[in-house]
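Visitor: Output the structure for:
(chains A and B)
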Amino acid sequence: MPELPTVAIVDDDEAVREALGDLLMVSGLTCHTFAGAASFLTACTEFHFDCLITDIRMPGMTGIELIERLHVEGAGLPVIVLSSVLDEQARAHALSLGARAWFTKPVSDERLLGAIATAIDGGRGGGQ
Amino acid sequence: MTSPLRESRDHDEAGIAEFASESIVILDESGKVRSWNPAAERIFGWPALALRGTRIADISPSPADERRAWAHLLQEGSWHGRISRYTRDGGIVCAEVRRHLRYDGTGMHCDVIEFAYPTRDSGETQYAAGPVPDRTTAASWQIDVSPAAEIIAQIAARAGSVPEDELRDIYSRLVERALIVEVNERTARLVGGNRGPALLAGQSVAAFWPVGSRGILAELVLEALRGREGKVCRRQLASDGILRDPLVTVWRAGRAHSGRLFIAVNGAADDDRSYLFLRASEARYRKLIDYMPVALWQVDASHMGKIYAQLRADGVVDFERYLEEHPELVELAAATVNVTDVNRRAIELVGGAGVQDLIRPVGYLFAANPAALRRVMIGRFTGRKNYSELMKLQTLDNRVLDVRFSVTYPEPLLELDTTIFSLEDVTEQLRMETQLRQLQADFSHAARVSMLGELASSIAHEVNQPLAAIVTNAETSLRWLGRDKPDIGKVEQLTARIVASARRADEIVQRVRGMAVKQAPAPVELAFNEIIQESLLFVRHEIETRSVRVRTSYARGLPPVIGDRIQLQQVVVNMLINAIQAVEGCDEALQEIALSTGTDEKGDLLFMLGDRGPGIAPDHIARIFDGFFTTKTHGMGIGLAICQSIVTAHGGELSASNRPGGGAQFRVILPRAGRFAAADQIAGRPACAEGI
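Guide: The predicted structure follows:
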């Protein structure tokens, strides 16, 4: 029996983190939340994640820097961006580095869950 | 001040005659006195005001001689000879007299001019050279005692049976009722303060007669009324501070004027400088005052001074409270403190037609602002030298002006008890100040909006976070509710989170709205540490995402400051944004802003904000507070200029320097509450009621 897919959530905003965690839980996914990119990278060494949902504007390492880092490491972890930032350049950059989707907050649950499902299945998820 | 206050000093014969050593008298064609010069007063004893309108033959012991002389004069056009004439004291003076008939433009004779000098019995003349010195001229009065007729009748009815202290009281009432009909210049000068003789007419004799000798005056009046017509009653008085050993003479006016009496007071004034010298110097002074560009009122509040002295003697200390309990005293002052003189500018200012419109009780100056009169009274009671405040003045032509009202109180030891009011019209000045403040408020609002623009993406991000959480939580709730067995506990938890996030979004919106809305500044007492904490909320997101370290050091027990919360937040936020931008792009180690509060050596609030950025270029340091000076590509350059104008309006100082270790440092000093009456300046109201 395959394990339930595990999703990592990186967002500096606690309310957003908790809300996403609950949504994934009710949808039958396991998830871990992180307040910043650094703590997520540390956890990566110990745990396996099937998908990453990350914010862009965060203190310390930004979402873009995190995506660059994962790309360089060739981790192959599907990444979905969920941000308030309306920066077309950053969006194009993230997608070019292999991000599966870029959603602007707030996002509808169906679209987000759809994107996660696609990402985990290994299919290619579209942009927003 | 202005001439109408005094009888106009016509440059006619009468004016010239004043300086003559001869008696010069002008008679009309029927032989009645028209004019009687000071030398005539000296020689014959009669004051001019008592003889005007009297037939000259009436004071001759030999009317038949007078008739002959008159007939000769009319026939020949002139006459000279020796006459004798009754003096006021009942004696007879012989005089060498020349009379000339004068003609008007049509050739009709119009009057007679008489020159005379006295001769002794031996026939030798007594000639006193030079004009009659003012000090030897009698201070003369014509008074009307008919308003006191009832009192006089009462005294007559109870003759001899009135106890002494009651009598004293009755006498003083008699003098109070008696009215002045006319006084001469000397009387006006001696007792009228700066009023001219015309202003004394119609007033109570008691208002000008020294208190100490009112009883004696009443006795003389009664004596003169009882005696036959022409009887002269006199009494030597003790020196009263006005005249040395004055001699008072009272006699009845002719039958045509029953109830009228004449009074002549002879005595040397303490100041025996020549009257002419004084008059010339006074004329110069009056002219100067009259043309002064400041509106001036001379006020006689001497009777209030006496009331205050009495109240003080009665132990009144808190006069402010006393006046609250006795508002009638303020009303009394408004109705009885008289304006005695004003200058031209004063008439212009209140829109009067002439001096007479302003010469009345001071109440009209305080019609729009009765409380101001109360403060003026308190100022005098408490012994201040002067007092000033801004007040509204309702003019006689019903305009309302803003004026700076100043009062100079009389010096207690000086002889004259005169109070001077000066009023300066500041309506236009206040209007411009209001406009300027409005302009400044508009600019600071514009600067705030522009500042919010710089923070727009931060703010959007900040508001978006709770909104995103709300949407997700709500959708999650729906999923729980959609299950066959809804998990109500979970839904409850999610709903609580929705509420919390909605509140958070609301707080952010409120904060931003406070900055964005244009509202009148509202000065209140503030804790500056709170202002800094609130300001940090605005830039929290900027600080966090840029990983700028903020070190704060809040001093405890800081004095509160008076100010507008939003404007002061604007100053701090603006400085914070500048600092964040200054350290942006620096090494991570230098991305630091230090905030600290404390007090300066005067106990005022001190706020320092420093960064470790590149600092201010030396050639910029003098200009960074100038409007439209900026080093930013997108900046308008009004931020710091506005900050400085806000701090200045709060009575404080904003300055900038470079830190020794690198980076810029801004220093704000704000006066502690109570030291600076900034409230009015910030709120755009004129400051009120400070002493000068």
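
Visitor: Any idea what the nearest residue to residue B:230 once chain neighbours are set aside is bridged to?
Guide: Spatial nearest neighbour of residue B:230, chain neighbours left out: residue B:251 (6.8 Å); criterion: C-beta to C-beta, 6 or more residues apart in numbering or on different chains. All C-beta atoms are positioned from the backbone trio N, CA, C, and that covers glycine. Legend: beta-bridge partners of residue B:251 under DSSP bridges are residue B:232, residue B:262.

Visitor: how near is residue B:251 to chain A?
Guide: Between residue B:251 and chain A the distance is 108 Å, computed by C-beta to the nearest C-beta, to the nearest Å.

Visitor: what number of residues lie near that residue?
Guide: Residues lying near residue B:251 (other C-beta atoms under 10 Å in any protein chain shown) number 22.

Visitor: Now do the same for residue B:519: its pLDDT.
Guide: We have a pLDDT of 80 for residue B:519.

Visitor: wait, doesn't it sit right on residue B:566?
Guide: Yes - Residue B:519 is in contact with residue B:566 according to C-beta atoms under 8 Å; the separation is 7.5 Å.

Visitor: Enumerate every residue touching the residue nearest to residue B:230.
Guide: By C-beta atoms under 8 Å, 6 or more residues apart in numbering or on different chains, the contact set of residue B:251 is B:50, B:88, B:224, B:230, B:231, B:232, B:233, B:261, B:262.

Visitor: Going by neighbour count, which residues of the helix or strand that contains residue B:154 are buried?
Guide: Applying DSSP states H and E as the criterion places residue B:154 in helix B:149-157. By neighbour count on 16 or more other C-beta atoms under 10 Å in any protein chain shown, the buried set for helix B:149-157 is B:151, B:152, B:155.

Visitor: and chain A, which of its residues are near chain B?
Guide: Where chain A comes near chain B, counting by C-beta under 8 Å from any C-beta of the partner chain, the residues are A:12-13, A:15-16, A:18-20, A:22-23, A:26-27, A:57-60, A:62, A:82, A:84-85, A:105-109.

Visitor: any weak-confidence spans in chain A?
Guide: A:1-3, A:123-128 (pLDDT under 70).

Visitor: And the strands in it?
Guide: Secondary structure of chain A by DSSP state E: the strands cover A:6-10, A:30-34, A:51-54, A:79-83, A:101-104.

Visitor: and what of the stretch 451-600 of chain B?
Guide: B:523-526, B:549-553, B:561-564, B:592-599 (DSSP state E, counting those that start in this stretch).

Visitor: The first one: partners in the sheet, and parallel or antiparallel?
Guide: Which is strand B:523-526. strand B:561-564 (antiparallel).

Visitor: Which elements pack onto the helix holding residue B:154?
Guide: helix B:164-177, helix B:214-226 (3 or more C-beta pairs under 8 Å, 6 or more residues apart in numbering or on different chains; DSSP states H and E).

Visitor: hmm, who's touching it?
Guide: Contacts of helix B:149-157 (C-beta under 8 Å, 6+ apart): B:145, B:162, B:167, B:170, B:173, B:174, B:177, B:221, B:222, B:225, B:259.

Visitor: Repeat the analysis, applying 6 Å as the threshold.
Guide: B:173, B:174 (C-beta atoms under 6 Å, 6 or more residues apart in numbering or on different chains).

Visitor: And stretch B:24-40, by the same measure?
Guide: Against stretch B:24-40 from outside (C-beta under 6 Å, 6+ apart): B:14, B:17-18, B:20-23, B:48, B:51-57, B:111-115, B:132, B:137.

Visitor: follow-up on the earlier one: so which of the helices and strands packed on helix B:149-157 is the most packed in?
Guide: Neighbour counts (mean count of other C-beta atoms under 10 Å in any protein chain shown) averaged over each of the helices and strands packed on helix B:149-157 peak at helix B:214-226, with a mean of 20.

Visitor: Distance check, residue B:431 against chain A.
Guide: Residue B:431 is 48 Å from chain A, by C-beta to the nearest C-beta.

Visitor: try residue B:570
Guide: Residue B:570 is 25 Å from chain A, by C-beta to the nearest C-beta.

Visitor: okay, now residue B:423: neighbour count?
Guide: For residue B:423, using other C-beta under 10 Å, the count is 22.

Visitor: Could you confirm it falls within a helix?
Guide: No - using DSSP: H, G, I helix; E, B strand; the rest coil, the assignment for residue B:423 is strand, not a helix.

Visitor: residues contacting it?
Guide: B:295, B:403, B:405.

Visitor: of all the residues you listed, which comes closest to chain A?
Guide: residue B:403 (58.7 Å; C-beta to the nearest C-beta).

Visitor: Could you check which helix or strand contains that closest one?
Guide: Residue B:403 belongs to strand B:400-408, assigned by DSSP H and E.

Visitor: now residue B:149: how far from residue B:216?
Guide: Going from residue B:149 to residue B:216 by C-beta to C-beta, to the nearest Å gives 21 Å.

Visitor: Ok, residue B:261 next?
Guide: From residue B:261 to residue B:216 the distance is 14 Å (C-beta to C-beta).

Visitor: what about residue B:625, how many residues close to it?
Guide: Neighbours of residue B:625 (other C-beta under 10 Å): 18.

Visitor: what helix or strand is it on?
Guide: Using DSSP H and E, no helix or strand contains residue B:625.

Visitor: from what I can see it touches residue B:643, true?
Guide: No - Residue B:625 is beyond contact range of residue B:643, at 7.9 Å (criterion: C-beta atoms under 6 Å).

Visitor: burial count for residue B:575?
Guide: 24.

Visitor: Spit out the contact partners of it.
Guide: So residue B:575 contacts B:609, B:666 (C-beta under 6 Å, 6+ apart).
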